[in-house]
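Novice: got a predicted model here, sequence first, then my questions.
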Amino acid sequence: WTAPSSQPLPPLSPKHKVQSNNDWGVTYSPSQGDICAFKGSTVEMKCEYRHPPKSGRTSTNVIETFWITGNYPVSLETQEEYEGRVTNSCDETRGKKSCTLRITDVKESDSAVYKFRFITNLSGGGYTAEPGIRLSVTDPHLTVSVQSRYSSSYKTVKCSSSCLLPSHSTYVWYINSREIDHDKSTYSINSNYLDSVSCAVKGHEDFPAPLIYAPVSPSLSADPSADIFEGSSVTLRCSSKANPPANYTWYKKTKTSILQLHSRVSEFLLNNIQSSASGEYYCVAENQLGKRRSTNLNVDVKYPPRLPSVSVNPPGEIVVEGSVNLTCSSDANPAATYAWYKENTASPAADGPMLTIANIRYEDGGNYYCEARNSRGQHNSTLQLIVVSSKSM
């Protein structure tokens, strides 16, 4: 950018305002007017300046050029805190006049706004160009970002700083904990071999960027971790260390397929859980550097017996001295135990899922039912009528 042109400032009158005049001016470099430097490094600030060739009959001659901070126009080269660390080199090429301020071994106390000033032979001919260049002296504060998309087999990583680094800066890369000889600010690598990345500016390896890395193997847990009962709620949690933080995808394995569940966060809530939710679950943690799969977590929903079903063999009427088998079954978790009862009889006719009546008699006829029971409850079947008939003559 080009600093506003300056009207002459008396050397010790910095408050004297400058009027616009295109014959006077300074263009600073870098153009954005702000630069960063690392402690202990060397920084350069440049400018080009211009002035009218004469004023009236008097030719304009530049008597002195220097750099200042603040509003007091005293050369840095004369200030004790900059002693031996500051040089101002000026040149004129093809009619363009330029000066370069060089500060070595910069310190945090060097953070300031630097302005160029030149003094001519004209009356009141001291000029300070606003607004100057702001220098911030700091640690590198580097970050590594991934530039390519998730689907790309190659990842491009970029080393950046909150500071505007000098254009000649070179870098050191640390890929999977190994130092890589690569000077550029970007680096491309096959994502199949990329686990962790960091970088540093050469000469400032003590200030590397925070490590970014692919997710480590996720851990999977359920809350509550004890028995899960139908109608209750359970939260599945997937956690994985990763930088940048991981996104999560949930899956449920069935006997025939793998279902992707509608969740992209680290927790998956099974609310008012039903028996159909039983199965094996797992999660996948993913960021721009890679993805990892958890082990399976078995969700086993406990519920009381459903309405038992009863089968009769042989079906129909049973003849005297014949036999009949009644079989009871019920869906339950844990598995049900069974007992058979004849209506209006307190004692069971049999324990177990099958009731066998052999050498049947007339008094064996009547209504029977089975009771299915587990730790969650019990359920009785509907009544099953056994009809006993006479033998065929």
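Specialist: That came through fine.
Novice: quick one: contacts for Pro215?
Specialist: Listed by CB atoms under 8 Å, 6 or more residues apart in numbering, the contact partners of Pro215 are Ser240, Lys241, Ala242, Ala246, Ala285, Glu286, Asn287, Gly290, Lys291, Arg292. Glycine gets a C-beta too; all of them are placed from N, C-alpha and C.
Novice: how about a markdown table for those residues, with neighbour count added?
Specialist: Output for those, formatted as a markdown table (neighbours: other CB atoms under 10 Å):
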| residue | neighbour count |
| --- | --- |
| Ser240 | 23 |
| Lys241 | 14 |
| Ala242 | 22 |
| Ala246 | 26 |
| Ala285 | 26 |
| Glu286 | 21 |
| Asn287 | 20 |
| Gly290 | 19 |
| Lys291 | 20 |
| Arg292 | 17 |
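Novice: in strands, which of these fall?
Specialist: Among the contacts of Pro215, DSSP state E puts Ala285, Glu286, Asn287, Gly290, Lys291, Arg292 in strands.
Novice: nearest to Pro30 among those?
Specialist: Asn287 (34.1 Å; CB to CB).
Novice: pLDDT wise, what is that closest one at?
Specialist: For Asn287, the pLDDT comes out at 90.
Novice: that one reaches Lys241, doesn't it?
Specialist: No - taking CB atoms under 8 Å as the definition, Asn287 is not a contact partner of Lys241, at 10.7 Å.
Novice: re earlier: go through the ones in strands among the contacts of Pro215 and name the one nearest Ile63.
Specialist: The closest of the ones in strands among the contacts of Pro215, once distances to Ile63 are taken by CB to CB, is Asn287, at 61.1 Å.
Novice: distance of the closest one relative to Asn325?
Specialist: Taking CB to CB, to the nearest Å as the measure, Asn287 and Asn325 are separated by 61 Å.
Novice: do the same with Pro245
Specialist: Going from Pro245 to Asn325 by CB to CB gives 62 Å.
Novice: residues contacting the residue most central in space within the chain?
Specialist: In the chain, the residue lying closest to the centroid (CA atoms, centre = their mean) is Pro245, at 2.5 Å. Applying CB under 8 Å, 6+ apart, we find Pro245 in contact with Asn287.
Novice: so what pLDDT did it get?
Specialist: Reading off the model, Pro245 has pLDDT 94.
Novice: and the pLDDT at the residue lying closest to Ser41 once chain neighbours are set aside?
Specialist: Closest residue to Ser41 apart from its sequence neighbours, by CB to CB, 6 or more residues apart in numbering: Val106 at 5.9 Å. On pLDDT, Val106 comes in at 92.
Novice: quick one: classify Val106 as helix, strand or coil.
Specialist: Following DSSP: H, G, I helix; E, B strand; the rest coil, the label given to Val106 is coil.
Novice: check Glu81 too.
Specialist: Recorded secondary structure, Glu81: helix (three-state DSSP).
Novice: who's in contact with it?
Specialist: Ser109.
Novice: next, count neighbours for the closest residue to Asn243 other than its chain neighbours.
Specialist: Nearest non-adjacent residue to Asn243, counting by CB to CB, 6+ apart: Ile212, 4.8 Å away. By other CB atoms under 10 Å, 21 other residues sit near Ile212.
Novice: alright, I will stop here.
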